[in-house]
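Colleague: Got a sequence here, can you build the structure:
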Amino acid sequence: LAIKPDIQVLINIHITGSQPTENYDDLGCPGGINKDSRGDYYDLAFHTDSRFALKVHTVMFYPLEGPANVYNQKTFSHKLCLMQKASAAGRPIDYFPEGSWWLSFDNPIPVYLPIYIWSRGRDIELLKPLLKSRGTGTLKGHRMFNSGQEWGYWQQDYAVGLWHWNADVSFAEVLGEMFDPFCAAEELGKGCEARSEAVTVMTEYMAHQRKYFLNKEDYRGVAGGIFAYFSGEDPAEEIGAKTGLSFQLVRVAFSEVNRWSQIQLDHFKATDLAVLKKMEDDHAAWLGRLEALKSKIPSAGKTWLAEVIDGIEINLLRARQTHALYSAVIAYREAILAAGDDLEKGAAAGTLAAEADWERAVQTLSDAEVVIRRREGAYRYPAAQVYGGGVTPETAVPNGTTYPWRVHTKTHLLSYWKNRHEQVKGL
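Modeller: Modelled structure (predicted):
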């Protein structure tokens, strides 16, 4: 900087709550991860020479306010606070959120997540006062990480693109433009019944995901913990959950449920299991409303409607599979408890008691494959590019990345559905 002051140096700031700094405070922006007002390791950049520009990164669908129990964090609100302070001090800043995380979290499952649209839009609302273009701050750039466009993930790209052009565009306008293809050509600009209904459904659906995936506490009292039943888990996540080094929330293991007392089982049934059933029913209602639009939209709009329908249906099936598998384990465990010391009798009774829920899970797995194969037929890119390769050294295909598989290889294999199925089968 002393030699070339006109060259901007940009520091990329990631996010973690597991590395509090011993000698630097949180600048009055607590993240709730320690009681000593220590800052995060990655936030050390805010203590550096003010001529360094800062690019602040957040992850997944969590906004710059409220709970964010990932990466050993409690919230991302401290990032907003730090950006506000940096902007007030005249320091150049960029914002770098995500439109998907990939790996075992969202689109490879797949989980349809319009909540990304809401979260990225909410962030922009919070950050508008910092925009350099408005003369009120130093925020000069916004870039969103993404890892695929199938299963509706293009929608958050599209929405953020509109907000890049005009940060004052409303959610209703964003959704309205997305669903313009549901209107006949002569209705463009005026709107139509099908478009209005689709916008209403999507608005309700984003609110639903905010309620359950951001704010509602699970059986442990963890805000947003319900999403762990919809995401996936690799062995790394399962190990991380046991060691306290998890990047994401991980659902309770079936093997743990199979050791619970009746009191614990009853609590789980009254909380998370009841929520999963409620979510399944809610999805069925939205699915019915969207199916009813098929006869009301022009042929050019049917492709767009089909993708939303597949997204809602796959989420419904995820809730149903998870509910069925846990119900089977609970039925099995309750029979064991009822049998007392006669373990052989309990196991036999448990297998019988779990049969109906197990068969429901088997059927749901089959139904999920039907939806995934149907959606694969409408993918925007060639199959080899989207889900080529495999997850073993023998099936891997070089693709220019550190991963032996493509973005939707595990979607194609139903990896995050079958692993849960096999775990319960093993029990």
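Colleague: Could you double-check that Phe182 lies in contact with Leu188?
Modeller: No: taking C-beta atoms under 8 Å as the definition, Phe182 is not a contact partner of Leu188, at 10.4 Å. Placement of C-beta: from N, CA and C, glycine included.
Colleague: who's more crowded, those two?
Modeller: Phe182 (26 against 12; other C-beta atoms under 10 Å).
Colleague: so where's the longest helix in this protein?
Modeller: When the chain is parsed with DSSP state H, its longest helix is helix 299-339.
Colleague: So which elements touch the helix or strand just after it?
Modeller: The C-terminal neighbour of helix 299-339 among helices and strands, as given by DSSP states H and E, is helix 343-376. Packing contacts for helix 343-376, counted by 3 or more C-beta pairs under 8 Å, 6 or more residues apart in numbering; DSSP states H and E, involve helix 299-339, helix 383-387, helix 409-413, helix 415-426.
Colleague: The first one vs helix 343-376, what angle?
Modeller: Using axes from the mean of the first three to the mean of the last three C-alpha atoms, to 10 degrees, the direction of helix 299-339 lies 170 degrees away from that of helix 343-376.
Colleague: So which residues make contact with stretch 87-98?
Modeller: 8, 10, 12, 50, 52-61, 83, 86, 116, 119-120, 123, 127, 130, 132, 137-146 (C-beta atoms under 8 Å, 6 or more residues apart in numbering).
Colleague: Actually, stretch 70-84.
Modeller: Against stretch 70-84 from outside (C-beta under 8 Å, 6+ apart): 15-18, 26-33, 40, 43, 46, 54, 56, 58-60, 62-68, 93, 95, 126-127, 130, 139, 244-249.
Colleague: Show me how to select, in PyMOL, the buried members of those.
Modeller: Applying 16 or more other C-beta atoms under 10 Å to the contacts of stretch 70-84, the buried members can be selected in PyMOL as follows:
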select buried, resi 15+16+17+26+27+29+30+31+33+40+43+46+54+56+58+59+60+62+63+64+65+66+67+68+93+95+126+127+130+139+246+247+248+249
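Colleague: Which of the contacts of stretch 70-84 fall within strands?
Modeller: Within these, residues falling in strands by DSSP state E are 40, 54, 56, 93, 95, 139.
Colleague: hey, where'd the helices end up in the chain?
Modeller: Counting by DSSP H, the helices of the chain are 77-88, 115-127, 154-165, 171-178, 193-209, 235-243, 254-257, 262-268, 274-291, 299-339, 343-376, 383-387, 409-413, 415-426.
Colleague: Just put the ones you listed in a markdown table and tack on mean pLDDT and distance to Ile109.
Modeller: Shown next, in a markdown table, are the helices of the chain (pLDDT from 0 to 100; distance: least, C-beta to C-beta, whole Å):
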| stretch | mean pLDDT | distance to Ile109 |
| --- | --- | --- |
| helix 77-88 | 97 | 26 |
| helix 115-127 | 98 | 14 |
| helix 154-165 | 97 | 16 |
| helix 171-178 | 96 | 22 |
| helix 193-209 | 98 | 14 |
| helix 235-243 | 84 | 13 |
| helix 254-257 | 97 | 18 |
| helix 262-268 | 98 | 22 |
| helix 274-291 | 98 | 15 |
| helix 299-339 | 97 | 7 |
| helix 343-376 | 97 | 10 |
| helix 383-387 | 92 | 13 |
| helix 409-413 | 96 | 7 |
| helix 415-426 | 96 | 5 |
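Colleague: For those helices, give me CSV that also has distance to Ser104.
Modeller: Output for the helices of the chain, formatted as CSV (distance: least, C-beta to C-beta, whole Å):
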stretch, distance to Ser104
helix 77-88, 24
helix 115-127, 17
helix 154-165, 19
helix 171-178, 28
helix 193-209, 18
helix 235-243, 6
helix 254-257, 17
helix 262-268, 23
helix 274-291, 19
helix 299-339, 13
helix 343-376, 16
helix 383-387, 16
helix 409-413, 8
helix 415-426, 7
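Colleague: ok so, going back, rebuild the ones in strands among the contacts of stretch 70-84 as JSON lines, extending it with pLDDT and distance to Pro110.
Modeller: Formatted as JSON lines, the ones in strands among the contacts of stretch 70-84 follow (pLDDT from 0 to 100; distance: C-beta to C-beta, whole Å):
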{"residue": "Asp40", "pLDDT": "91", "distance to Pro110": "31"}
{"residue": "Leu54", "pLDDT": "97", "distance to Pro110": "33"}
{"residue": "Val56", "pLDDT": "97", "distance to Pro110": "28"}
{"residue": "Ile93", "pLDDT": "97", "distance to Pro110": "33"}
{"residue": "Tyr95", "pLDDT": "98", "distance to Pro110": "26"}
{"residue": "Leu139", "pLDDT": "97", "distance to Pro110": "32"}
